[in-house]
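**Q** For reference, the sequence and a predicted model appear below.
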Amino acid sequence: MPATFRSPGRALARAAIALVMTVAACRGDSPTQSTPAPDVVGTFTLTQVDARALPAVIYEGIYIDPSDDGFHTVRTYVDEGSLTIRADGSYEQQVVLRETVDGRRSGGMRWNDAGRYVHRADAGALHFESARWVNTTYAATIAGVGVLAIPQNLVAQETGSHAATFGYQRTEE
């Protein structure tokens with residue numbers, strides 16, 4: 001059953017806050033020293049979310065309009081994204097979100113993050129620590145040559161949250 005909330009603008013704000021608060025699967029290992037990872041250095045394009053091609057719905061719920069007591073369907077989409085991983089141990093990520101109400105665009109935003117990463121070759125993973133968002137870390141699994149899978153908490157509603165897996169494909173080295 002879809003979650004219910006009062007304002008479509010609040011849904012997008014919550015999505016942004018949730019994305020900012022990407023509480024990772026690995027909170028213990030903080031990248032205090034960068035480890036270059038030549039096999040993962042490059043620019044990656046977001047190609048899917050939860051194994052669905054973009055644009056992908058990451059939230060669907062009901063909005064109750066207080067002006068007419070009408071029920072409206074709200075959807076939040078991921079339209080595009082990119083991740084740049086540099087040899088100096090830094091990264092930058094951006095994701096474009098769009099919100100619709102009853103199929104009509106009602107808002108959107110570009111979420112940006114940047115920070116440091118550590119390559120854990122023994123675990124086949126990268127561990128990211130945001131320099132923009134306090135206490136925000138997350139991990140990427142190296143899912144193949146030039147392929148990364150990053151679980152991130154995208155939408156946190158009053159009734160729960162949704163962790164989606166972003167699939168990135170290397171497009172430049």
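**A** Arrived safely.
**Q** Run a quick check on G81 versus T47, I expect a contact.
**A** No. Distance between G81 and T47: 9.1 Å, which falls outside the contact criterion (C-beta atoms under 8 Å). (Each C-beta comes from the backbone N, C-alpha and C, glycine too.)
**Q** any common contacting residues for these two?
**A** Contact criterion C-beta atoms under 8 Å, 6 or more residues apart in numbering; residues shared by G81 and T47: Y168.
**Q** and these two? which has more neighbours close in?
**A** A direct count of neighbours by other C-beta atoms under 10 Å for G81 and T47 places G81 higher, at 21 against 15.
**Q** Please name the bridge partners of that one.
**A** G81 has the following beta-bridge partners by DSSP bridges: V95.
**Q** what separates it from E129, distance-wise?
**A** Per C-beta to C-beta, to the nearest Å, G81 is found 19 Å from E129.
**Q** And D122, by the same measure?
**A** Applying C-beta to C-beta, the value for D122 to E129 is 19 Å.
**Q** So between these two, which is more surrounded?
**A** Taking other C-beta under 10 Å, D122 and E129 do not tie; E129 has more neighbours (19 against 6).
**Q** pretty sure the more buried one contacts R116?
**A** Yes. At 5.4 Å, E129 counts as touching R116 under the criterion of C-beta under 8 Å.
**Q** With adjacent residues omitted, what lies nearest to E173?
**A** G42 (4.3 Å; C-beta to C-beta, 6 or more residues apart in numbering).
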